[in-house]
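Student: Predicted model, plus sequence, below.
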Amino acid sequence: MNIVFHHEKSIFDESIVSKMSSVKALVKYAKIKSLVVATLLGMGLFHFVCVLIYTLPNDFLPETALEISSAYVNPVFHQGWQLFAPDVVKDQFESRIRYQLNGAWTDWEDAEAIPGLNWNTRVQNMSQKYLQVLGGDLRKNLTFTDGQPNYDLILTYRPYNQWLYYSVKRLEYVLGAQPESVQIELSVLPTNGWDGDSLPNRSFVFPVFNVLENRHVE
Amino acid sequence: MWSRVEGAIADKVHRPATIWVFQKVIYTWMLLHALYLLPLHTILWGHAAWQMPTVVDAGFVANMVFWLNYHPEHGDLVWWVYVVAVAVSLSGFLGVAPRVLVFVCGQLMLYSANYVFNSGFYLMQFFGFFLIAASPDARHWFRISLTNLGFWACRLQFVLVYAEAAFFKWRGTTWLTGSAMFYAAHLDHFVRKPVADFLSENRILSIVLTYSALAYQTAFPILVWFKKLRLPLLLVGIGFHGFIAIGMTLPEFGLAMIAGYTLFIKEEKALKIVRKLKVKKFETVRTVPQ
């Protein structure tokens, strides 16, 4: 191209050559602009198609589409908008804790309260999320032996352990000292009254955890 | 056809005042949210954090967002960089850099203490991401394109929230039987006591509110595109999300959704706001492109 222009330079008037050069440059620039705008638009469309595939029921889609969308969306754009859906939770969860400090065990007390910070709704919501996850895990994985709950599986899974971790840290914060042992209780309080159901409250008392030895002792 | 599309995207910023106002609104929300979390930040991030560290599969991106999990010693640094970057982004200084920091630090904080956040924070993070390179007074076609596409991405994201929330509710039973608000009223951690008591005792009100919420969320993604219906729709939404912000214990989520309504205000209204605020870059704007 440059050679042609160089040749033309000797035949045509300088200004015409200059204009032709400008026109060519403009065309080239316009093509680049078009390409870049199309790419940006394509990226935007790709983003939202992937988000839709990732967040909506997608059983009917080919495996490749699911893999691509998941690889793109998760984790940076991970999202889910099942806000109080498909159903509002029908169980409320409460947790109590007792602990051993200087050899003496305390009574059961609220495991969620943080003195001085209870006004902050994030504190309540955060602990409730932990408990909902733990409650869900109990529903799925709790087994019974002779009518008694068997916590073997539960103690190895994350939901219980992350609540235990949180609870020990909370105690350290509140007490200013590390407890020697802790024991956690979870209560499930079903909401009754809408359709005549009368489901009983249930409580689960987990084995004692020795903090110093980092293991459960019962 | 393509030239028209390209022109619409790259020729001029279509709603400069709206975008300016929206950017201020989202960074104001982020600053207020950070202030709300300020008393908690030492128990959320840092050496003494209460969250059990997460172990994720190998993979660069996954490990990148979970970096703060592996390096809790940097919790304070990330937190304060986030707060300062939000404040600088709100002021409008230093352009894109603080906005990138807001998004990166926000993601790191999110993935090392995800239970403390609700959907409001996710939404604001995405808005912030889409508008990282947005500039209401952009002159170059590339920046103009990023601004216009970012604005539309925010709108789509916002509508997507409503559409998916409604979609999943239609698949449940409590929303269809009208009992959802009744059950919500019994969640002490999510509904303030006076509101909970009132709803528990008024079954008809619970039913009316349940179906109203479902109808609103279903209709919003469609009706919001009709200019004549937009104002009443947004006013109802302010009431709906105002209830969530005040009556429930989710003030940040309610306010995040109300903040999102800024995306749909008329450019003339946004221009009035920026003129009242005496923003210099809009002093010379005479006509309002729609």
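Tutor: Arrived safely, thanks for sending.
Student: ok, residue A:147 - contacts?
Tutor: With contacts defined as C-beta atoms under 8 Å, 6 or more residues apart in numbering or on different chains, residue A:147 has no neighbours. The C-beta positions use only the backbone N, C-alpha and C, and glycine is treated the same way.
Student: what about the closest residue to residue A:137 other than its chain neighbours, distance to chain B?
Tutor: Of all residues not flanking residue A:137 in the chain, residue A:159 sits nearest, at 4.0 Å (C-beta to C-beta, 6 or more residues apart in numbering or on different chains). Going from residue A:159 to chain B by C-beta to the nearest C-beta, to the nearest Å gives 10 Å.
Student: For the helix or strand where residue B:24 lies, list the C-alpha coordinates in CSV.
Tutor: Secondary structure assignment for residue B:24, by DSSP states H and E: helix B:16-37. Presented in CSV, the C-alpha positions along helix B:16-37 are these (Å, rounded to 0.1, in the frame of the first residue of the first chain):
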residue,chain,number,x,y,z
PRO,B,16,-24.7,11.8,31.2
ALA,B,17,-26.5,13.4,34.1
THR,B,18,-28.3,10.1,35.0
ILE,B,19,-25.0,8.2,34.9
TRP,B,20,-23.3,10.9,37.0
VAL,B,21,-26.1,10.8,39.6
PHE,B,22,-26.1,7.0,39.6
GLN,B,23,-22.4,6.8,40.2
LYS,B,24,-22.7,9.1,43.2
VAL,B,25,-25.6,7.1,44.5
ILE,B,26,-23.8,3.8,44.4
TYR,B,27,-20.6,5.1,46.0
THR,B,28,-22.6,6.9,48.7
TRP,B,29,-24.3,3.5,49.4
MET,B,30,-21.0,1.8,49.6
LEU,B,31,-19.6,4.4,52.0
LEU,B,32,-22.6,4.2,54.2
HIS,B,33,-22.4,0.4,54.1
ALA,B,34,-18.8,0.5,55.0
LEU,B,35,-19.6,2.8,58.0
TYR,B,36,-22.2,0.3,59.1
LEU,B,37,-19.6,-2.5,58.9
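Student: If you count contacts, what does that helix end up packed against?
Tutor: In terms of contacts (3 or more C-beta pairs under 8 Å, 6 or more residues apart in numbering or on different chains; DSSP states H and E), helix B:16-37 is packed against helix B:75-91, helix B:96-112, helix B:119-130, helix B:141-170, helix B:251-260, helix B:267-276.
Student: Can you pull the poorly scored residue ranges out of chain A?
Tutor: A:1-20, A:218 (pLDDT under 70).
Student: Using the three-state scheme, assign the residue in it positioned nearest to chain B.
Tutor: Nearest residue of chain A to chain B: residue A:86, at 3.0 Å (C-beta to the nearest C-beta). Secondary structure state of residue A:86, per DSSP: H, G, I helix; E, B strand; the rest coil, is coil.
Student: contacting residues around it?
Tutor: B:168, B:169, B:171, B:172, B:173, B:175.
Student: overlap between these and the residues near chain A?
Tutor: Among the contacts of residue A:86, the residues that sit close to chain A (C-beta under 8 Å from any C-beta of the partner chain) are B:168, B:169, B:171, B:172, B:173, B:175.
Student: got TSV for the contacts of residue A:86, with neighbour count and pLDDT too?
Tutor: Below are those laid out as TSV (neighbours: other C-beta atoms under 10 Å in any protein chain shown; pLDDT from 0 to 100):
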residue	neighbour count	pLDDT
B:168	22	95
B:169	24	95
B:171	13	94
B:172	17	91
B:173	10	92
B:175	24	94
